[in-house]
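S.K.: could you look at this predicted model? Sequence included:
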Amino acid sequence: TNKEESEQPMVDLIFVVKDAKQWHEDNLQQNPHHYAWLCSTRGSTFCSNLQRHYGASVFFHAFIPLVGKNRLLKYGVVQKEDLLQDLQQWKYLYLAGRLHKPTVTIRQDDQIMESQQDSNLPSALAASLLLQEDVHPPPPTTTATTTTNTTIPVEELYLKIANLSYAGDIRMQA
């Protein structure tokens, strides 16, 4: 990537698929230029194994130009069972952490997935409250109150929730 590419606005998408190998097989036929040389030459089995057995079970394609737009696309592919495991157990806290932040679901027709996504946010709130280090006196405006009658500024709580996802981002690991 060059400097111009990295400064363009980027749309970030996650595709949840039933079968990663089949998805990569189809995508390699339709969009071989989205893949790095190694993956495009080794095929869908290699891509699927790389995705599912290394890292956080998601395979990203970045810096894909959107035709007719002055923006780029980054899309990740995750097999449904791997995302469910991350949502239920925070195995990697990578995609589950991304879903702590505001997102838009384009199509949701799966009750189990919807239920797990719905429980992910209260879990993030509970973890953030448990990880809260300081107890503050009640500020004069909007606050979140814990059951021990201590208060946390809402902005601080939002930051704590947002920062949970960085625990699952290997780029942020020391």
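M.R.: Ah, there it is. Computed from a predicted structure; not experimentally measured.

S.K.: where in the protein is pLDDT low?
M.R.: For the chain, the stretches with pLDDT under 70 are 1-6, 134-149, 167-174.

S.K.: in it, which spans are helices?
M.R.: Taking DSSP state H, the helices of the chain run over residues 3-7, 20-30, 37-42, 44-53, 80-89, 95-98, 111-130, 154-164.

S.K.: who's in contact with the residue lying closest to residue 87 once chain neighbours are set aside?
M.R.: Excluding the flanking residues, the one nearest residue 87 by C-beta to C-beta, 6 or more residues apart in numbering is residue 116, at 4.1 Å. For the C-beta atoms, the positions are set from N, CA and C on the backbone; glycine is no exception. Each residue near residue 116 by C-beta atoms under 8 Å, 6 or more residues apart in numbering is listed here: 84, 87, 88.

S.K.: on that earlier part again, highest average neighbour count across the helices of the chain?
M.R.: Ranked by mean neighbour count, these are led by helix 95-98 with a mean of 22 (mean count of other C-beta atoms under 10 Å).

S.K.: now that helix - C-alpha only, CSV.
M.R.: Output in CSV follows, covering the C-alpha atoms of helix 95-98 (Å, rounded to 0.1, in the frame of the first residue of the first chain):
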residue,chain,number,x,y,z
LEU,A,95,-14.5,-9.6,16.3
ALA,A,96,-16.5,-9.7,19.6
GLY,A,97,-14.6,-6.6,20.6
ARG,A,98,-15.2,-4.9,17.3
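
S.K.: that'll do, ta.
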